[in-house]
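Peer 1: here you go, sequence then predicted model.
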Amino acid sequence: MQKKAIYLIQEPGCLNPYSGAFQHITMGVKELSKFFNIKLFLNTNSIELKDFAKNINPAQNKKETIKKVSQRGYVYGSLMDFNILVKNLFKIPKLYFFFNKSKIKFCI
């Protein structure tokens with residue numbers, strides 16, 4: 001019997017099919033599934049990678065990202081990163097109880 005594990009994703013932006021993060025997650029789940037019973041979660045919600053269709057235009061997505069950074073600046077981006085960090089810190093107790101309830105061996 002394979003050990004039960006969770007692949008935890010904290011940011012929905014990592015699920016863009018054209019991002020490097022998505023490719024990393026896909027390969028990680030594929031390789032870890034050979035040895036473990038892996039479940040993919042976005043925070044505490046179970047998700048499936050195949051549900052994220054590749055209908056996003058990568059060129060349009062890149063233009064939107066560049067436009068957002070140039071409009072708001074790097075200080076704004078740094079503050080948003082700090083905001084994400086603080087929000088994730090407050091989620092730790094909820095995730096801890098979720099992991100204990102799931103009876104997993106480890107979390108990635």
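Peer 2: In hand now; what should we look at?

Peer 1: is residue 4 located within a strand, as I assumed?
Peer 2: Yes - the assignment for residue 4 (DSSP: H, G, I helix; E, B strand; the rest coil) places it in a strand.

Peer 1: just give the number of residues close to residue 40.
Peer 2: 19 (other C-beta atoms under 10 Å). C-beta: built from backbone N, CA, C; applies to glycine.

Peer 1: before we move on, what about residue 74?
Peer 2: Neighbour count of residue 74, defined by other C-beta under 10 Å: 9.

Peer 1: so which strand or helix has it?
Peer 2: Following DSSP states H and E, one finds residue 74 within helix 58-102.

Peer 1: return the list of helices and strands in contact with that helix.
Peer 2: Judged by 3 or more C-beta pairs under 8 Å, 6 or more residues apart in numbering; DSSP states H and E, helix 58-102 is in contact with strand 3-9.

Peer 1: show me what the strand it packs on pairs with in its sheet, parallel or antiparallel.
Peer 2: As defined by DSSP bridges, the strand partners of strand 3-9 come to strand 36-42 (parallel), strand 106-107 (parallel).

Peer 1: please identify the buried residues of the first one?
Peer 2: What it means is strand 36-42. Of all the residues in strand 36-42, those buried under the rule 16 or more other C-beta atoms under 10 Å are 36, 38, 39, 40, 41.

Peer 1: if I look at the first one, how far off is residue 28?
Peer 2: Residue 36 sits 11 Å away from residue 28, taking C-beta to C-beta, to the nearest Å as the criterion.

Peer 1: same check, this time on the second one
Peer 2: Between residue 38 and residue 28 the distance is 9 Å, computed by C-beta to C-beta.
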